[in-house]
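[1] Would you be able to build a 3D model of this:
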Amino acid sequence: MATNRHACRAAWACLLLLAAAARAEDSAASKTPQGSTQPERLADPLDRLLDSQKPPATSSDPGGDLMEAVFAPPLGYAGPSGVYPRSGGNQEYDTVEDRWRIGFPEWDRYAKGHPRVFDYPYRLGRLFDPYNQNLLKGDYPIVGQNTFLNMTGSFVMLNEGRNIPTATTPFESTARPHERDFFGRSGQYLNNDLATLSFDLFQGDAAFKPVDWRLKATVASNSNNLSVQELAVVSPNVLAGTIRERTFTTLQEWFAEYKLADLSPEYDFLSVRIGSQPFVSDFRGFIFSDINRGVRLFGNYDGNRTQYNLAYFRQQEKDTNSQLNTFNDRNQNIVIANLYRQDFLFPGYTIEASLHYNNDGPDVLYDKNGFLVRPDPVGVFQPHRVEVWYLGVAGDGHIGRYNVSHASYWAVGRDSLNPIAGAPQSISATMNAIELSYDRDWARFRISGFYQSGDGNPNNGKATGFDGILDQTNFGGEFSYFRRQRIPLFGVGLTNDQSLYANLRSSRIQGQSNFVNPGLWLMNMGADFDVTPRLRLVNNANYIWFDKTASLETFTFQGNIARDVGLDLSSGFEFRPRLNNNAIFLGGIAMLLHGGGFRQLYNKKDAKVPPLLDGFIEMVFTF
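    The predicted structure is shown next:
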């Protein structure tokens, strides 16, 4: 980058003359009536939290060294330049090789001596400052003019107390003498800490243009602690007690990405990504949401109004307690193709068509705690293959002032030997969901409905209960009890964590999809309130009932189980003290007021199951 030497020096001289006059005026204005100047740091509580960002002063002499001003330090933390100087200057031009690291002079915008509680432009930074420009956050190239490094560190700490229906072991080995009920004390406490460090090296020109290539790796380390009140919960071995502590470290993400072609002057592109990578197959994670090993071809067209993905995943096994990836292979192949179209019929509304294929092969697996998870430990529990196709349409966006999100899926395929039915099954099941919301100033009001078809006859060779592949459902309220908790039922889960499906599946992350299940209906009403720019309140009420109960009756050897699950009430908050996502505090409480069908499944011999509670605090810190 070259600039005219004479014009540059004249401009800097004028600028410095104005700066000197402004400084003299600021100095006079800053005198108190007694003749003392105001302190540089304001007596504000934020002074104890924020570090000084005052730039180094430049010469106040307008006739001073102009080159010192020309080569003022760049903003933020730029680090050393990776551009080798090829030439100097001459009588007409000064050459600046590194176009990213052009310096800026000091500017006392408010004439207050750069106190730390004011938002000043042209601020310098430090190595560990993510708020201003930083070499480690991809703001300056680390090599040459187009190669950047973005490092991201995060720490998530979750503390949760909950009540979950908990079966007892045979009375001769229960936690307390003379217990004979199927279900004992339900209290549990969970502490889960997750630390990640991500390195993202990429080459590109600007934010609006896709990168030419990318290499990314994320190291994750998890520590978790579970304390319960009954034996055989943390391990099938009753000698293991009631407390379980686990740690696990892995390479969670590792992939390479390369842009194959630019397709238009509007930077439409075609790229390929190979390795362990994140992928969510629809707007709400109804079918597949995971980080796993695969190959993905993706891109856009028509000025980014059309996006598409074609992905193949060969799944890695998950660690049981941290839910992170291991390096062990799982006999499961997944193919996903989807197509998005923005501004479909209405500006701001996006529609998606998708096709999923899941081939989950026969296998036997005990999880890290010693429980059988493949095949499901119910019925015949013999290894079997689940082969299913999912055809789906989903949409998300707004139509005028109304927000809409919806999804519909049809699953067809075959289960070679379903454990509950004890026979091969042909699969035909459906799922539908819709959410409508309206924003009124600082409040959002929502209504939504969810339908998962159930199996009305486990013995007819046709499985009609819907289930996903590896879902992480964001629907019906993020703090909902039914969505957050795994509710166990004699070796499997009536429902599993982070999922709405009532699927009688051993594990969401390690078990196989099960299409002989009761299905579910859910009706939701909710309201979110942005109390301040920092504080958001989220409130939801869900009424839940089973679609069909025949599979539950077959599984539990009970007759005439009612469909009513109960009322799920939840309320929580999200607090962002710095008005960004570098620090987020989440907290919530949820209660499941159970209905008749739930009581028939979980009542004690001489007492009803009490209302189930969940309360948690989660802190997320990101650099």
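
[2] Can you dump the C-alpha atoms of stretch 300-313 in PDB for me?
    What follows is stretch 300-313, C-alpha atoms only, in PDB (Å, rounded to 0.1, in the frame of the first residue of the first chain):
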ATOM      1  CA  ASN A 300     -24.800 -22.000  -1.800                       C
ATOM      2  CA  TYR A 301     -26.300 -20.400  -5.000                       C
ATOM      3  CA  ASP A 302     -28.300 -17.500  -6.200                       C
ATOM      4  CA  GLY A 303     -26.700 -14.900  -4.000                       C
ATOM      5  CA  ASN A 304     -26.900 -17.200  -1.000                       C
ATOM      6  CA  ARG A 305     -30.700 -17.600  -1.200                       C
ATOM      7  CA  THR A 306     -30.100 -21.300  -1.800                       C
ATOM      8  CA  GLN A 307     -28.000 -23.500   0.500                       C
ATOM      9  CA  TYR A 308     -27.400 -27.200   0.300                       C
ATOM     10  CA  ASN A 309     -25.600 -30.100   2.100                       C
ATOM     11  CA  LEU A 310     -24.700 -33.600   1.200                       C
ATOM     12  CA  ALA A 311     -23.100 -35.400   4.200                       C
ATOM     13  CA  TYR A 312     -22.000 -38.900   5.100                       C
ATOM     14  CA  PHE A 313     -21.100 -39.900   8.700                       C
END
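
[3] which residues touch that stretch?
    263-264, 266-269, 279, 290, 292-299, 333-343 (CB atoms under 8 Å, 6 or more residues apart in numbering). Just so you know, the C-beta spots here come from the backbone N, C-alpha and C atoms, and that holds for glycine as well.

[4] Beta-bridge partners for Gln307, please?
    Beta-bridge pairing for Gln307 (DSSP bridges): Asn300, Tyr340.

[5] Emit the ChimeraX select command for whichever of the contacts of stretch 300-313 are buried.
    If you want just the buried ones from the contacts of stretch 300-313 in ChimeraX, going by 16 or more other CB atoms under 10 Å, the selection is:
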select :268,269,279,290,292,293,294,296,297,298,299,333,334,336,337,338,340,341,342
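
[6] OK, contacts around the nearest residue to Asp396 once chain neighbours are set aside?
    Distance criterion CB to CB, 6 or more residues apart in numbering; nearest residue to Asp396, sequence neighbours excluded, is Phe283 at 4.2 Å. By CB under 8 Å, 6+ apart, the residues touching Phe283 are Glu352, Ala394, Gly395, Asp396, Ser405, Ala407.

[7] Can I get those in CSV including pLDDT, distance to Asp200 and secondary structure?
    CSV is the format used below for the contacts of Phe283 (pLDDT from 0 to 100; distance: CB to CB, whole Å; DSSP: H, G, I helix; E, B strand; the rest coil):
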residue, pLDDT, distance to Asp200, secondary structure
Glu352, 98, 27, strand
Ala394, 98, 29, strand
Gly395, 98, 31, strand
Asp396, 97, 27, strand
Ser405, 97, 30, strand
Ala407, 98, 31, strand
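
[8] Let me know the closest of these to Asp319.
    Ala407 (29.4 Å; CB to CB).

[9] quick one, what contacts that closest one?
    By CB under 8 Å, 6+ apart, the residues touching Ala407 are Asp282, Phe283, Arg284, Phe286, Gly392, Val393, Ala394, Gly395, Met431, Asn432, Ala433, Ile434.

[10] now, which of those lie within strands?
    Among the contacts of Ala407, the members found in strands (DSSP state E) are Gly392, Val393, Ala394, Gly395, Met431, Asn432, Ala433, Ile434.

[11] hmm, back to that, can you name the two of the contacts of Phe283 that are farthest apart?
    Spanning the widest gap among the contacts of Phe283 are Glu352 and Ser405, at 11.0 Å by CB to CB.

[12] pLDDT on stretch 484-495, on average?
    In this model, stretch 484-495 carries a mean pLDDT of 94.

[13] end-to-end on that stretch?
    10 Å (CA to CA, to the nearest Å).

[14] Off-centre distance for that stretch?
    Here stretch 484-495 is found 23 Å from its chain centre; the criterion is CA atoms, centre = their mean, to the nearest Å.

[15] Stretch 237-250 too?
    For stretch 237-250, the separation from the chain centroid amounts to 26 Å (computed by CA atoms, centre = their mean).

[16] which residues are in contact with stretch 140-148?
    The contact list for stretch 140-148 (CB under 8 Å, 6+ apart) reads 74, 76, 78-79, 82-83, 98-101, 133-135, 138, 149, 201-205, 212.

[17] Recalculate using a threshold of 10 Å.
    When contacts are defined by CB atoms under 10 Å, 6 or more residues apart in numbering, stretch 140-148 is touched by residues 74-84, 97-101, 133-139, 149-150, 200-206, 211-214.

[18] Quick one: end-to-end length of it, please.
    Start-to-end, stretch 140-148 (CA to CA) is 7 Å.

[19] Please identify the buried residues of that stretch?
    Tyr140, Pro141, Phe148.

[20] Next step: these restricted to strands.
    Those of the buried residues of stretch 140-148 lying in strands (DSSP E): Phe148.

[21] Go through the buried residues of stretch 140-148 and say which is closest to Pro347.
    Nearest to Pro347 out of these is Phe148 (CB to CB; 33.4 Å).

[22] Leaving out the residues flanking it, which one is nearest to that closest one?
    In space, Phe148 comes closest to Gly138 once its chain neighbours are excluded; the distance is 4.4 Å by CB to CB, 6+ apart.

[23] Kindly report the same for Ile287.
    Spatial nearest neighbour of Ile287, excluding adjacent residues (CB to CB, 6+ apart): Gly468 at 4.8 Å.

[24] right, and the one you found touches Ile509 too?
    No. Using CB atoms under 10 Å, Gly468 is not in contact with Ile509, being 11.9 Å away.

[25] These two - which one has more neighbours?
    Shown here are Gly468 and Ile509; by other CB atoms under 10 Å, Gly468 has more neighbours (28 against 20).

[26] Could you look up the SS state of Glu553?
    helix (DSSP: H, G, I helix; E, B strand; the rest coil).

[27] so what's the nearest residue to it once chain neighbours are set aside up against?
    Closest residue in space to Glu553, ignoring its immediate chain neighbours: Ile561 at 5.5 Å, by CB to CB, 6+ apart. Going by CB under 10 Å, 6+ apart, Ile561 touches 518, 546, 549-553, 555, 596-601.

[28] just the residues you listed now: which is nearest Pro533?
    Among the contacts of Ile561, and counting by CB to CB, the member closest to Pro533 is Phe598, at 40.0 Å.

[29] Now the one helix or strand that closest one maps to: buried residues?
    For Phe598, the host element (DSSP states H and E) is helix 596-602. Residues Gly597, Phe598, Arg599, Gln600, Leu601, Tyr602 are the ones in helix 596-602 that count as buried (16+ other CB under 10 Å).

[30] What distance do you get for Phe546 to Asp455?
    Plainly put, Phe546 is 11 Å away from Asp455 if you go by CB to CB, to the nearest Å.

[31] What is the least confident helix or strand in the chain?
    Confidence across the helices and strands of the chain bottoms out at helix 66-70, with a mean of 43, counting by mean pLDDT, DSSP states H and E.

[32] Tell me where the stretch 351-500 of the chain has strands.
    All strands of the stretch 351-500 of the chain, identified by DSSP state E, counting those that start in this stretch, fall at 365-366, 372-374, 386-399, 402-418, 423-440, 443-452, 462-463, 487-489, 492-495.

[33] what does the stretch 101-250 of the chain give?
    147-163, 187-203, 213-228, 243-262.

[34] Give the buried subset of the contacts of Phe283 as a PyMOL selection command.
    Listed next is the PyMOL selection for buried residues among those, using 16+ other CB under 10 Å:
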select buried, resi 352+394+395+396+405+407
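
[35] JSON lines for the contacts of Phe283, including distance to Glu387?
    Converted to JSON lines, the contacts of Phe283 look like this (distance: CB to CB, whole Å):
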{"residue": "Glu352", "distance to Glu387": "24"}
{"residue": "Ala394", "distance to Glu387": "23"}
{"residue": "Gly395", "distance to Glu387": "28"}
{"residue": "Asp396", "distance to Glu387": "29"}
{"residue": "Ser405", "distance to Glu387": "30"}
{"residue": "Ala407", "distance to Glu387": "22"}
